[in-house]
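Participant: take a look and give me a structure for this.
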Amino acid sequence: MDNAYLNHDHQLLRDQVARFLAEEVEPHALAWEAEGKVPREVLRRMGRAGFFGLMYEAEHGGAEADALTNLVFAEALSQSTFGGFIITVLVHTDMASPHLHHAGSVAQKARWMPGITSGELITAVGITEPGAGSDVAGLRTTARRDCDEWVINGSKLFITNGVHAELYFIAARTGVGKRDISIIAVEKGTPGFSVGRQLDKTGWRCSDTAELHFSDCRVPAGHLLGEEGKGFYAVMKNFQTERIALAAMAVGHCTQALKLALDHVKSRQAFGGTLWDQQAVRQRIAMCDAKTRAAREYTYHCAWRVTQGHDIVQDVSLLKALTGELVNEVTQTCQQFHGGMGYMHGTPVERLWRDARVLGIGGGATEVMLDEAAKRY
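Facilitator: Next comes the predicted model:
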């Protein structure tokens with residue numbers, strides 16, 4: 001796990017996350033899968049441990065760390081075999097609350113950021129709609145200005161943390177232009193805002209995913225984040241942070257699946273020896289490991305480039321496409337070597353295989369990512 005980009009503080013963070021997973025997550029998360037949610041007290045403990053404010057201002061409880069530190073956290077967190085828990089956290093830290101960090105006013109940050117870093121206030125981001133996913137410019141939810149309020153109408157779909165979040169950052173069309181989109185903060189309980197059904201997913205079982213509905217939902221004009229009509233560009237910017245986090249999640253899943261597979265094949269007796277004695281098995285695991293190591297280095301390279309202020313859209317698009325496909329290849333290979341037990345619900349390798357599938361879809365489908373990269377050649 002040595003990496004030229006990392007230092008002693010990064011290793012301390014990795015160790016701290018590993019201890020939290022071993023003590024607070026892995027022994028209990030099967031029950032969370034059945035309940036379809038992560039207990040709020042666990043998230044508050046993460047906040048108190050300092051995990052929710054790594055990149056945020058110290059005055060609001062943050063650590064003012066850089067993108068590399070945030071990546072260390074995401075990859076370490078992704079050593080868990082419970083993808084639903086991981087994405088619950090990463091949506092809060094890397095996909096929703098960064099909108100407030102980047103574009104929020106002094107007053108907005110003072111109001112909401114302390115709760116975000118402490119884990120008392122869990123966030124969600126509302127972009128995807130029934131007719132618009134990766135095509136952000138195609139969204140139809142609207143927000144019109146009425147005196148000192150915004151009036152929001154429309155629906156959102158596939159919203160992670162959608163059921164149990166307290167604060168939602170909603171992308172809505174505020175003008176007639178294709179990219180006239182703004183980001184507006186909506187608090188749970190606001191009249192006209194309702195959470196629809198909790199969606200039943202194949203994987204990420206302890207992550208609550210929901211529909212959101214807005215019917216003449218009125219929020220104060222002061223809930224607009226940043227400039228009116230600039231939300232499209234804010235979403236595009238934050239996609240880079242989101243996709244690096246998802247790449248780290250994929251690499252973490254690959255690493256954990258390989259550990260499970262090695263433990264299994266070195267002890268599983270078959271054909272007069274262990275599965276590890278079979279050359280084909282050894283070679284396929286070695287190739288998966290080689291690809292995982294290469295993907296990890298690329299992930300860290302992208303995060304380092306963020307710290308240097310480079311344009312990383314092409315690199316991150318390629319990274320997201322690569323890791324989204326790789327995690328499916330690696331987890332399926334590792335599941336294959338578990339034989340029938342790899343297909344049993346509740347086993348770690350089956351859960352990793354099931355949770356991995358969405359990483360080639362969510363946050364930018366592989367095909368969309370490859371096209372984004374190709375446009376920049």
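Participant: hey, where'd the helices end up in the stretch 201-350 of the chain?
Facilitator: For the stretch 201-350 of the chain, the helices defined by DSSP state H, counting those that start in this stretch occupy 231-267, 279-307, 313-336, 348-356.
Participant: would you reformat those as TSV and include mean pLDDT?
Facilitator: Output for those, formatted as TSV (pLDDT from 0 to 100):
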stretch	mean pLDDT
helix 231-267	95
helix 279-307	96
helix 313-336	98
helix 348-356	96
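Participant: which one of those lies nearest to residue 15?
Facilitator: helix 231-267 (15.0 Å; C-beta to C-beta). C-beta coordinates here come from the backbone N, C-alpha and C atoms, glycine included.
Participant: next, the buried residues of that closest one.
Facilitator: Of all the residues in helix 231-267, those buried under the rule 16 or more other C-beta atoms under 10 Å are 231-232, 234-235, 238-258, 260-262, 264-265.
Participant: now stretch 210-225
Facilitator: Buried residues in stretch 210-225 (16+ other C-beta under 10 Å): 210, 211, 212, 213, 214, 217, 219, 223, 224, 225.
Participant: which of these fall in strands?
Facilitator: 210, 211, 212, 213, 214, 217, 219, 224, 225 (DSSP state E).
Participant: what is the nearest of the residues you listed to residue 290?
Facilitator: The closest of those, once distances to residue 290 are taken by C-beta to C-beta, is residue 210, at 39.4 Å.
Participant: just say helix, strand or coil for the spatially closest residue to the closest one that is not a sequence neighbour.
Facilitator: Using C-beta to C-beta, 6 or more residues apart in numbering and skipping the chain neighbours, the partner closest in space to residue 210 is residue 162 (3.0 Å). Going by DSSP: H, G, I helix; E, B strand; the rest coil, the secondary structure assigned to residue 162 is coil.
Participant: how close does residue 162 get to residue 149?
Facilitator: 23 Å (C-beta to C-beta, to the nearest Å).
Participant: the more surrounded of these two?
Facilitator: Taking neighbours as other C-beta atoms under 10 Å, residue 162 and residue 149 compare with residue 162 leading, 25 against 16.
Participant: so the more buried one is in contact with residue 195, correct?
Facilitator: Yes - using C-beta atoms under 8 Å, residue 162 makes contact with residue 195 at a distance of 6.1 Å.
Participant: which neighbours do the two have in common?
Facilitator: Residues touching both residue 162 and residue 195 by C-beta atoms under 8 Å, 6 or more residues apart in numbering: 210, 211, 212.
Participant: wait, which of the residues you listed is closest to residue 269?
Facilitator: Among the shared contacts of residue 162 and residue 195, and counting by C-beta to C-beta, the member closest to residue 269 is residue 210, at 46.3 Å.
Participant: mind giving me the domain ranges of the protein?
Facilitator: Annotated domains of the chain cover 8-118, 123-229, 232-374 [automatic domain parsing].
Participant: straight-line length of the first one, end to end?
Facilitator: Start to finish, the residues bounding domain 8-118 are 25 Å apart (C-alpha to C-alpha, to the nearest Å).
Participant: lowest-confidence helix or strand of the protein?
Facilitator: One helix or strand of the chain scores below all others by mean pLDDT, DSSP states H and E: strand 269-270, with a mean of 88.
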